[in-house]
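Enquirer: Coordinates only, no sequence provided:
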């Protein structure tokens, strides 16, 4: 399903609604409340950037978490030990090719990157046809507490595959961007995080009792936040509030706003992709990790 952009007509947009269980206004409201923008629904096409596996060890694996078996994708240099670890946290669409490619990009830079399928208990987002169904059937049921536990288990697993848990970083996109902020207040050993357009505020729920704005003063690792000035789902007021909260708490984190970029500007498989902002953000990520990890 291709994504509607600012030029999509009302008729074209309404044609996407059958099967969502809601009207046009309800669909928009659901997305906005969750911090997603209409212009960034997934498109099933090849990515702009394709990173090969030359010189890498990569593939699918499983991680034991209590009595569950968590599927993961990982990539690391074929040689080397005590590698810095980077947790790569998915969007709402799961660990698809773009997320796997991000892992390979990081592996080319000398990191052991691991992307867990954090929705595996609730369902497979690739089997659903629209964002509304993914949000209601899967994302709304995922608890922050379970995500933190799963990520901790991935760190332990990576340490058995040549990773150095003392050199730990995290990056995440959209849904994963919010998780990145939360993990930086959860894991004292974390050295750095990079949050790509992650939601910062929202109403508390049983599954999501706190938001990044609530725990800004509790961050134990510096986080680089990368946001779009044209993001329809994350108000700039929230971004500025987070910036002020970090400043008030004297935290060494930083927020960058790309004025002309929409939500998901790094997602090179969607119309929201903005090459200049994505490249600059990636350069900043590598510099951030190099400095802090």
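Expert: In hand now; what should we look at? Fair warning: this is a prediction, and the values are worked out from it, not measured in the lab.

Enquirer: make it CA atoms for all contacts and neighbour counts henceforth
Expert: Noted.

Enquirer: end to end, how far does stretch 89-101 reach?
Expert: Taking Cα to Cα, to the nearest Å, stretch 89-101 runs 13 Å from one end to the other.

Enquirer: give me the element residue 74 is part of.
Expert: In this assignment (DSSP states H and E), residue 74 forms part of strand 68-77.

Enquirer: any idea how far that strand is from the chain center?
Expert: How far strand 68-77 lies from its chain's middle: 16 Å, per Cα atoms, centre = their mean, to the nearest Å.

Enquirer: just stretch 235-253 next, same as before
Expert: Relative to its chain's centre, stretch 235-253 lies at 19 Å (Cα atoms, centre = their mean).

Enquirer: do the same with stretch 270-289
Expert: 13 Å.

Enquirer: Shouldn't residue 59 be within a strand?
Expert: Yes. Secondary structure of residue 59 (DSSP: H, G, I helix; E, B strand; the rest coil): part of a strand.

Enquirer: That one reaches residue 74, doesn't it?
Expert: Yes. Using Cα atoms under 8 Å, residue 59 is in contact with residue 74, at 5.7 Å.

Enquirer: Neighbour count: the two, which is higher?
Expert: A count of neighbours by other Cα atoms under 10 Å puts residue 74 above the other of residue 59 and residue 74, at 22 against 13.

Enquirer: how far away is the more buried one from residue 267?
Expert: In this view, residue 74 and residue 267 are 19 Å apart by Cα to Cα.

Enquirer: quick one, strands of the stretch 151-293 of the chain?
Expert: 163-173, 190-196, 223-228, 254-258 (DSSP state E, counting those that start in this stretch).

Enquirer: ok, how many other residues are close to residue 55?
Expert: With other Cα under 10 Å as criterion, residue 55 counts 12.

Enquirer: My guess is it contacts residue 78. True?
Expert: Yes. Residue 55 lies in contact with residue 78 (Cα under 8 Å); the separation is 5.6 Å.

Enquirer: residue ranges with poor pLDDT in the protein?
Expert: 1-46 (pLDDT under 70).

Enquirer: Look up the closest residue to residue 57, ignoring the ones flanking it.
Expert: Spatial nearest neighbour of residue 57, excluding adjacent residues (Cα to Cα, 6 or more residues apart in numbering): residue 78 at 4.7 Å.

Enquirer: Sorry, wrong one. I was asking about residue 155.
Expert: residue 165 (6.4 Å).

Enquirer: hang on, isn't that neighbour packed against residue 157?
Expert: No. Residue 165 lies out of contact with residue 157 (Cα under 8 Å); the separation is 9.7 Å.

Enquirer: on that earlier part again, mind listing residues that contact the helix or strand just after the strand holding residue 74?
Expert: Toward the C-terminus, strand 68-77 is succeeded by strand 83-89 as the next helix or strand (DSSP H and E). Applying Cα atoms under 8 Å, 6 or more residues apart in numbering, the contact partners of strand 83-89 are 99, 102-103, 106, 110-116, 151, 154-155, 158, 162-173, 176-177, 179-180, 293.

Enquirer: Helices along the stretch 101-250 of the chain, start to end?
Expert: 131-137, 144-159, 175-186, 236-248 (DSSP state H, counting those that start in this stretch).

Enquirer: So which of the ones you listed is nearest residue 257?
Expert: Residue 257 sits nearest to helix 236-248 of all the helices of the stretch 101-250 of the chain, at 8.5 Å, using Cα to Cα.

Enquirer: Against which helices or strands is that closest one packed?
Expert: Counting contacts by 3 or more Cα pairs under 8 Å, 6 or more residues apart in numbering; DSSP states H and E, helix 236-248 packs against strand 254-258.

Enquirer: do that again at 10 Å, thanks
Expert: Here helix 236-248 touches strand 223-228, strand 254-258, going by 3 or more Cα pairs under 10 Å, 6 or more residues apart in numbering; DSSP states H and E.

Enquirer: Now do the longest one against strand 190-196, angle only.
Expert: Pointing back at strand 223-228 there. When axes from the mean of the first three to the mean of the last three Cα atoms, to 10 degrees is applied, the directions of strand 223-228 and strand 190-196 differ by 0 degrees.
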